[in-house]
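*Asks:* whatever this is, show me its structure:
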Amino acid sequence: MAIRARIGLVTIAFALAGCNDRRDPAPVPTPQPTATPVPVTSTVPAQITVTTNEPFYSAKVTGDAVFLSGVDQPERRLTITDRTIAADRRSWTGRDTGGSITVTAIRSACQDDMSGAPRDFVGTLTLGDRTVRGCGFTGTPAPPPGEAAATIPATFVGKWNSDAAACARPATSTEGVKVTPTEIVFHESAGRVTRVEALGDDRIRITADYDGEGERWTATQTLWVVGDRLTIETDGRSISRVRCPA
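*Replies:* Residues are numbered from 1 along each chain as shown. Just a heads-up that it's a prediction; the model follows:
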């Protein structure tokens, strides 16, 4: 009986020892805050034109598309499907049913190898397995050395509208015209002036490359000013606007 009592006490002692042998759970690592990516800024703008010579191509990047044109080729609109950005460069890949193009622009001095005109960007166009080097620019490109830039005279520069009432409410008017030394801006289109020819006192003929409503075209227009009224004639049709106060 005594032996059984001792065995029972030993069993209880082991059981109690097992109950007290509790280990603390492993510490759960504290989640570290995720670093917010720093946005990459670039010295190359998001809209740019890259041109090449031999063969001649012009690729204009704007919005979500690349507009590609060449000698004796219809203009193509390629939807941008990929973009990369770095501190001194950008590239865009556009695609259409005819294939793809990759436009790359690097912030570095460049000289047009045909005209000698200076440019602010080195550019390349990759079409299929062929890469062609050229130059890139924004706005109105610089003219070749010794050639004056196409500039609209100060007589025509200003804001013009259908009448004084429309001048007073420019935000609600769709007939306003803004003329700068290098551009003509209408309600839904803007033309970059590439050529200005003087025809006499207060009369000029210009050539401008227009963008508007997803389309691009080139127009030759005659402008003249009489008093405070500007007339713009395009393909035999003319509009007349009065000068708005500065």
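
*Asks:* against Ala171, how distant is Ser162?
*Replies:* If you measure Ser162 against Ala171 using Cβ to Cβ, to the nearest Å, the figure is 14 Å. Every residue, glycine included, has its C-beta placed from N, CA and C.

*Asks:* what of Arg89?
*Replies:* From Arg89 across to Ala171, the span is 38 Å (Cβ to Cβ).

*Asks:* those two - which one has more neighbours?
*Replies:* Between Arg89 and Ala171, counted using other Cβ atoms under 10 Å, Arg89 has the larger neighbour count: 17 against 5.

*Asks:* beta partners of that one?
*Replies:* Beta bridges link Arg89 to Ala86, Ile106, judged by DSSP bridges.

*Asks:* is it true that it touches Gly123?
*Replies:* No - Arg89 lies out of contact with Gly123 (Cβ atoms under 8 Å); the separation is 10.0 Å.

*Asks:* so for those two, which residues contact both of them?
*Replies:* Residues touching both Arg89 and Gly123 (Cβ atoms under 8 Å, 6 or more residues apart in numbering): Thr104, Ala105, Ile106.

*Asks:* closest one of those residues to His187?
*Replies:* Taking Cβ to Cβ as the measure, His187 sits nearest to Ala105 out of these, at 30.5 Å.

*Asks:* quick one: the closest one and Gly123 touch, right?
*Replies:* Yes - counting by Cβ under 8 Å, Ala105 sits close enough to Gly123 to count as a contact (5.0 Å).

*Asks:* of these two, who's got more company?
*Replies:* Set side by side, Ala105 and Gly123 give different neighbour counts by other Cβ under 10 Å, the larger being at Ala105 (30 against 24).

*Asks:* residue contacts, that one?
*Replies:* Val44, Ile48, Val50, Arg89, Arg90, Ser91, Phe121, Val122, Gly123, Gly136.

*Asks:* how about low-confidence regions in this protein?
*Replies:* Using pLDDT under 70 as the threshold, the predicted model of the chain has low-confidence ranges 1-38, 72, 140, 146-148.

*Asks:* walk me through the domains of it.
*Replies:* 48-137, 154-243 (automatic domain parsing).

*Asks:* okay, these in a markdown table with distance to Pro39 next?
*Replies:* Listed next are the domains of the chain as a markdown table, based on distance: least, Cβ to Cβ, whole Å:
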| stretch | distance to Pro39 |
| --- | --- |
| domain 48-137 | 9 |
| domain 154-243 | 28 |
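
*Asks:* most tightly packed of the ones you listed?
*Replies:* Burial among the domains of the chain, expressed as mean neighbours by mean count of other Cβ atoms under 10 Å, is greatest for domain 48-137, which shows a mean of 17.

*Asks:* what about that one, how long is it end to end?
*Replies:* For domain 48-137, the first and last residues are 6 Å from each other (Cα to Cα, to the nearest Å).
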